[in-house]
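Participant: Have a look at this fold, sequence not included:
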């Protein structure tokens with residue numbers, strides 16, 4: 001059973017041999033397990049942060065990657081289903097980073113189709129802003145290596161629809177978790 005679980009984990013990471021690359025995600029703005037800076041915090045829902053999406057870089061995409069997707073998700077949100085802060089998809093396979101503030105709907109980036117949506121009901125990135133008094137929330141920043149050029153979703157797709165499509169087309173994913181609370 002342990003060997004089967006290891007093999008499944010290696011396949012999700014991009015391969016079953018020690019020579020295969022493993023998808024990794026890093027950010028110069030958010031360190032693993034560290035508090036997210038006010039610059040990335042929402043400017044809304046009672047928070048007054050900068051609402052600037054973090055710079056992201058990734059490497060180690062498995063063979064067959066045709067595009068990438070990015071998401072920021074808060075599983076601790078008191079909604080019963082978490083809260084999607086950002087979902088950007090159809091990022092070309094030759095792109096391996098997004099600059100700071102790429103989640104701004106007004107940003108000009110030739111490397112994407114649209115800014116993606118969030119559960120705040122807007123396009124683009126919507127930073128952390130959990131309810132007052134909650135324990136700090138964990139924000140999962142993820143990059144997905146995708147086996148199709150374009151997901152079966154359009155610019156109006158909700159993050160749940162993007163996630164549904166990613167479920168069937170993800171070759172590998174990498175996660176970076178930051179925390180924030182007030």
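Facilitator: Perfect, thanks for sending it. Keep in mind it's a predicted model, so treat the numbers as computed, not measured.
Participant: Who is the residue most central in space within the chain paired with across the strands?
Facilitator: By CA atoms, centre = their mean, the chain has its centre lying nearest to residue 71, at 2.3 Å. Beta-bridge partners for residue 71, by DSSP bridges, are residue 87, residue 142.
Participant: isn't it right up against residue 144?
Facilitator: Yes - at 7.5 Å, residue 71 counts as touching residue 144 under the criterion of CB atoms under 8 Å. From N, CA and C alone the C-beta is placed, and that goes for glycine too.
Participant: Give the residues shared as contacts by the two.
Facilitator: Common neighbours of residue 71 and residue 144 (criterion: CB atoms under 8 Å, 6 or more residues apart in numbering): none identified.
Participant: could you list every residue that touches the residue nearest to the centre of the chain?
Facilitator: When contacts are counted by CB under 8 Å, 6+ apart, residue 71 is found next to 84, 86-88, 140-142, 144, 159, 162-163.
Participant: And it, what's its pLDDT?
Facilitator: Listed pLDDT for residue 71 reads 96.
Participant: remind me which residues of this structure are low pLDDT?
Facilitator: 1-21, 110-114 (pLDDT under 70).
Participant: residue ranges for the strands of it, please.
Facilitator: With DSSP state E as the definition, the chain shows strands at residue ranges 24-26, 43-44, 47-48, 56-59, 67-74, 83-92, 97-98, 137-146, 170-180.
Participant: Parallel or antiparallel, list what pairs with the first one.
Facilitator: Applying DSSP bridges to the sheet, strand 24-26 is found paired with strand 56-59 (antiparallel).
Participant: And for the partner strand, what's in contact with it?
Facilitator: For strand 56-59, contacts defined as CB under 8 Å, 6+ apart pick out 21, 23-28, 68, 70, 96-98, 102, 141, 143, 174.
Participant: How about residue 31, nearest residue that isn't a chain neighbour?
Facilitator: residue 178 (7.3 Å; CB to CB, 6 or more residues apart in numbering).
Participant: cool, and residue 132?
Facilitator: In space, residue 132 is closest to residue 182, 5.7 Å off (CB to CB, 6+ apart).
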